Each structure stands twice: as structure tokens, then as C-alpha cells.
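> After the sequence you'll find the predicted model.
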Protein chains: 2
Amino acid sequence: MEAIDTRTRILDTAQDLIQRLGANAMSYQHISDAVGIRKASIHHHFASKDDLIEALIRRYAGYFGGLVEEIVKADLSAPEKLRRYCGLFEGTLRQGSHDRACPCAMLGAELATLGSAAAGLIREFYRDNEKRLARILAQGRQERSLSFAGSPAATAALIFALLEGGMLVVRVNGGAKQFRAITEQMIALVGS
Amino acid sequence: MEAIDTRTRILDTAQDLIQRLGANAMSYQHISDAVGIRKASIHHHFASKDDLIEALIRRYAGYFGGLVEEIVKADLSAPEKLRRYCGLFEGTLRQGSHDRACPCAMLGAELATLGSAAAGLIREFYRDNEKRLARILAQGRQERSLSFAGSPAATAALIFALLEGGMLVVRVNGGAKQFRAITEQMIALVGS
DNA sequence: GTCTATAATTGGATAGAC
DNA sequence: GTCTATCCAATTATAGAC
């Protein structure tokens, strides 16, 4: 039973704030209050706010990318993989009491205010997701379990925009329940 | 040739900042610099930042709602109406040199940081758009020019999430061109 | 309606003791 | 690694002169 180290608790708190409020509404003071250490101590772990955001994206991209890669590589039908991929986003939304968006969705919306390193990582996250999604769609077309007009890449761009953008939109009305309805509707549209 | 009044110039500048950077990165100082008046003078027109944001949403909802209503009421096929509706979003994205999201998309992402009046107006904007979109889809189903699984309302929720959320997502990679590809892909999916 | 001046708070960040 | 103390800039907002 090891205690969670401070660096991790800072990252956890910062991520939670970003998922709910966005990076521009997240402050060292918020983190200080939540973690129970002084603002100056946070600077020991992350010299600047940009550094903190950058580390946070790297961690999240690794975590989420791993989950997606598991789904892509699994021995499952393409529709089932697609359903599970959508489930990852819905699961994020259902974390905790308030709807939480993907950190990279919030940061994507705030892209113009990010440092260049963080912005680059966000772009990479989006590209990686579209690529993995395209592999699922290509499998579905090959095994005739999915049917859609256009290329897997183009359809992947559509689905990723719907999922990543939809997380932000559904928090305004309907929340996770609405998100579920939308993803099911989408799966019906590309179903064979 | 009447000069644009200060109130309007403040609203224009604030809206532009929100579309590019978000409400939490927009400040009275930014507006002061762009409009060429002092910060204190802005408070004469809008007592608080919340008031400014609220007025800005009201104005935009009226403007955009009018454009949508024109499309909905026009004597056009449903696919053509849908294409023009998507065109409104793409047009916003193409305003100016940088990609600009719908102000209500940015504010929707930042919903948890808004005052309750502004948050209510954003919810209303989203609901109104879904309703009008559902009317287009219902027309398309009736005249057999569109074909989709599920109700017009459910499909409207999907399409609105794709458009409003997609505006934020495509700015990360691809921009307006990517947005166009996505909307065309979507229209192909619901095409008859 | 706009200005100067200023308040009051919060933001990110640093220096140096422990 | 955390603390106190402090700095400096930015933020929203108000008071009162012009």
C-alpha cells in the first residue's frame, strides 16, 4: 500500500480541473488547495504551467493510447471494436459526478492559448486516434461488417470529430446519456 | 456612412477573441487595446464580464438563428438545406485568417466557468439549433430525399454535435478544409 | 461617454531557509 | 521536497473628474 507521490497527485488534480474547466481556468492555486501543498512546491515538480500541461498530455496520451491499442489489436469484429472505442469516450464522460471531457478535447478547444510543445502533442494525439480508428474501419470494410461511403481515413476523421467534439457539446444538454444516444446513432449509420 | 458605435465594436472584438481563444483567455485589456478605449470605458457599456458575454450570446443567437430560419423556411430540398446549414458553420470557420469557431462552441466547452445567465443562453442556442435541424431532417424523410436510421431528433443531435464540436476539433489538424471533408462525408451517410 | 487613478484580487514565478 | 516570503504582471471592477 504505497502512498501516491506528489507529482502524480498534482497531475491528477490538474487533469481533473482541465477536464471540467479548461486549462485557462485551471491555476496553481486550485491545485495547491486540492493537493494540500503550497504553490511554490508545485513549481518544484513543474517549473511552469506549460511544463505541467505538457507532462499531463504525455501521460494521458500514453494511457489512452494504450487502451485504444488494446482494442485495435483484440480478436473482435470491427463493430464491436468501434463500440468499445466509443465506450472509452463515454467512460471518461461518466467519471465522477460532473461530466468530464477528454483533456485533449478541452486543450484542443484552447489550442491557440497553449505553448508550442503542448500544441504539438495535442495535434499528435488527434492524428494517432484517427489512424487507429481508420484501422478499425478498414477491418470492418474488409470483413464486410461495416459499410460506409468514402475512405476509412475520411470516415475516421468524421467519427473522431464526433466523439472528441461531441464530448464538449453534450455537456451543454443531456450529458453522457445524450452521448450514448449519439454514438449508437452513428454506429447504426456505418453498420453493415 | 455612419460610424460603428462603441458598444458594437466592443461586442465585435470580444466575440472575435472568444472565437479564437475562448472566454477565459479574453480580457478587458485585450478589448481595450483593439477598440482603442480604456478598460474603464468598457465597464460603462457592460458592467461586468458576465454581462458582456451574455449580451454577446444574445446577439449571436439572434444573428445565427435568423440565418438558420431562412434556410429552414426556404423552398429547397432537404439535402440542399442541410448542405447550406453546414455551410454556415464552415463560413464561420473561414472568417479571417485564423480558424474561428462558433462563439457558442467555445462557450459550450467553457460552460462550467460561465455565469448562470450565459450558461442558460448557451443551452438554449444548442436546443434551438437541434430543433431546426430536426425539421430539415423530417422534411427529408417525408420527401424521401434523405434516409437515416432513428428519429429526426436523434439524427439532429448527432449532426449538431458533429458540426458544433467538429469546429473545435478540426482547428487542431486540417482546419476548414478538413471540416468540409467531414460534412460531405456526413451528408453522404444520410443521403438517400 | 471617456478619461485618470486606484482598489482588490489573483495569476505565475523566484529566492532562500529548513 | 516543502515551506515562507516576496515579486511582478494581469485581472475585474469602482470612484470621480472632464
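Ah, there it is.
> nearest spatial neighbour of A:Gly115, skipping sequence neighbours?
Leaving aside its sequence neighbours, A:Gly115 sits nearest to A:Asp50 (C-beta to C-beta, 6 or more residues apart in numbering or on different chains; 3.9 Å). C-beta here means a position set from N, CA and C on the backbone, and glycine is covered the same way.
> For that neighbour, give its distance to A:Leu121.
Counting by C-beta to C-beta, to the nearest Å, the gap from A:Asp50 to A:Leu121 is 11 Å.
> Which of these two has more residues huddled nearby?
Taking neighbours as other C-beta atoms under 10 Å in any protein chain shown, A:Asp50 and A:Leu121 compare with A:Leu121 leading, 22 against 15.
> Look up how far A:Tyr85 lies from the more buried one.
Distance, A:Leu121 to A:Tyr85, using C-beta to C-beta: 21 Å.
> repeat for A:Ile10
From A:Ile10 over to A:Tyr85 the distance is 30 Å, taken as C-beta to C-beta.
> Can you pick out the residue with more neighbours from these two?
Neighbour tally, A:Ile10 and A:Tyr85, criterion other C-beta under 10 Å: the higher count belongs to A:Ile10, 24 against 21.
> Doesn't that one lie inside a strand?
No - according to DSSP: H, G, I helix; E, B strand; the rest coil, the state of A:Ile10 is helix, so it is not within a strand.
> Would you check that A:Ile71 makes contact with A:Lys81?
Yes - applying C-beta atoms under 8 Å as the test, A:Ile71 and A:Lys81 come out as touching, 5.3 Å apart.
> got a list of what the spatially closest residue to A:Arg84 that is not a sequence neighbour touches?
Beyond its immediate neighbours in the sequence, the residue positioned closest to A:Arg84 (C-beta to C-beta, 6+ apart) is A:Ile71, lying 4.9 Å away. Residues counted as contacts of A:Ile71 (C-beta atoms under 8 Å, 6 or more residues apart in numbering or on different chains) are A:Lys81, A:Arg84, A:Tyr85, A:Leu88, A:Ile136.
> Make JSON lines from the residues you listed and add distance to A:Ala176, secondary structure and pLDDT to it.
Converted to JSON lines, the contacts of A:Ile71 look like this (distance: C-beta to C-beta, whole Å; DSSP: H, G, I helix; E, B strand; the rest coil; pLDDT from 0 to 100):
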{"residue": "A:Lys81", "distance to A:Ala176": "21", "secondary structure": "helix", "pLDDT": "98"}
{"residue": "A:Arg84", "distance to A:Ala176": "16", "secondary structure": "helix", "pLDDT": "98"}
{"residue": "A:Tyr85", "distance to A:Ala176": "16", "secondary structure": "helix", "pLDDT": "98"}
{"residue": "A:Leu88", "distance to A:Ala176": "13", "secondary structure": "helix", "pLDDT": "98"}
{"residue": "A:Ile136", "distance to A:Ala176": "22", "secondary structure": "helix", "pLDDT": "98"}
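> Out of the residues you listed, which comes closest to B:Ile159?
Among the contacts of A:Ile71, A:Tyr85 lies closest to B:Ile159 (C-beta to C-beta), at 20.3 Å.
> Identify the residues contacting the closest one.
So A:Tyr85 contacts A:Val68, A:Ile71, A:Leu133, A:Ile136, A:Leu163 (C-beta under 8 Å, 6+ apart).
> can you tell me which two in these are farthest apart?
Maximum pairwise distance among these (C-beta to C-beta): 13.3 Å, between A:Ile71 and A:Leu163.
> Just to check, A:Gln185 is in contact with B:Ser151?
No - contact criterion C-beta under 8 Å: A:Gln185 and B:Ser151 do not qualify, at 9.1 Å.
> Mind checking which of those two has more residues around it?
Set A:Gln185 next to B:Ser151 and count neighbours by other C-beta under 10 Å: A:Gln185 wins out with 21 against 15.
> Now do the more buried one, the pLDDT please.
At A:Gln185, the model reports a pLDDT of 96.
> Distance of it relative to A:Leu162?
Per C-beta to C-beta, A:Gln185 is found 10 Å from A:Leu162.
> which residues are common contacts for those two?
Residues touching both A:Gln185 and A:Leu162 (C-beta under 8 Å, 6+ apart): B:Leu158.
> For the spatially most central residue of chain A, list the residues it contacts.
Geometric centre of chain A, nearest residue: A:Cys102, 3.5 Å, by C-alpha atoms, centre = their mean. Neighbouring residues of A:Cys102 by C-beta under 8 Å, 6+ apart: A:Gln19, A:Phe64, A:Phe89, A:Thr92, A:Glu164, A:Met167.
> tell me which parts of chain A are close to DNA strand C?
A:Met26, A:Ser27, A:Tyr28, A:Gln29, A:His30, A:Lys39, A:Ala40, A:His43, A:Ala47, A:Ser48, A:Lys49, A:Asp50 (C-beta under 7 Å from any atom of the strand).
> List buried members of the residues you listed by neighbour count.
For these, a burial check counting by 16 or more other C-beta atoms under 10 Å in any protein chain shown picks out A:Met26, A:Tyr28, A:Lys49.
> can you redo these as a markdown table with secondary structure, distance to A:Val190 and pLDDT?
What follows is those, written out as a markdown table (DSSP: H, G, I helix; E, B strand; the rest coil; distance: C-beta to C-beta, whole Å; pLDDT from 0 to 100):
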| residue | secondary structure | distance to A:Val190 | pLDDT |
| --- | --- | --- | --- |
| A:Met26 | coil | 36 | 98 |
| A:Tyr28 | helix | 44 | 98 |
| A:Lys49 | helix | 40 | 98 |
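> okay if I get the residues you listed as JSON lines plus distance to B:Ala181?
Shown next, in JSON lines, are those (distance: C-beta to C-beta, whole Å):
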{"residue": "A:Met26", "distance to B:Ala181": "33"}
{"residue": "A:Tyr28", "distance to B:Ala181": "40"}
{"residue": "A:Lys49", "distance to B:Ala181": "35"}
